[in-house]
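Novice: Structure, please.
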Amino acid sequence: INSHTQNDIASIKSILKVLDDNDANIDIKLSVWVDDLIHMAPNNVAITNKADLSNYLQEQNSYGYSDMKHEIIEVSSYDDIVLMQGKVIGTFHPKDNGNQVAFETKNLFVFRRLSDGSLKIWKIIYNMSPNF
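Specialist: Below you'll find the model as predicted:
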């Protein structure tokens, strides 16, 4: 295990907690990302900047909210980046009181290590589970 790994896992858990927090506003959610981000969600165009990610998150919020939990499967730490294979299990609650929708995704996160040693999300690629 790389010497960074234990600290990186603690940092990643803090970041994932922000992503899962329905009470966190969009500015807080954007604060865990670097500026030159890449966000690739299923059935969506690739997002490559914070302004577009902000618009995407606002649009998602207009439809309802998701109770979700990101989980870490594997972490690989390097000097400049940290890779995380993970998954998300959740339920989408539409604003119109329609049917709740359970979902599960698999994902690959790439975190950038900043000059102070902290981590921010650089890239995320999501893939829907075929079971849902």
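Novice: count of neighbours near residue 15?
Specialist: The number of residues packed near residue 15 is 20, by other Cβ atoms under 10 Å. For glycine as for every other residue, the C-beta is placed from the backbone atoms N, C-alpha and C.
Novice: Nearest residue to the middle of this structure?
Specialist: With distances taken as Cα atoms, centre = their mean, the residue of the chain nearest its centroid is residue 19 (5.6 Å).
Novice: Nearest spatial neighbour of that residue, chain-adjacent residues omitted?
Specialist: With sequence-adjacent residues excluded and distances taken as Cβ to Cβ, 6 or more residues apart in numbering, residue 19 is closest to residue 70, at 5.8 Å.
Novice: quick one: what helix or strand has that neighbour in it?
Specialist: Element membership for residue 70 (DSSP states H and E) is strand 64-77.
Novice: What is the host helix or strand of residue 35 packed up against?
Specialist: Element membership for residue 35, per DSSP H and E: strand 33-40. Under the contact definition 3 or more Cβ pairs under 8 Å, 6 or more residues apart in numbering; DSSP states H and E, strand 33-40 sits against helix 50-63, strand 119-128.
Novice: Tell me which residues are up against stretch 109-127.
Specialist: Taking contacts as Cβ atoms under 8 Å, 6 or more residues apart in numbering, the residues outside stretch 109-127 that touch it are 4, 7-8, 11-12, 15, 32-34, 36-42, 79-84, 86, 88, 105-108.
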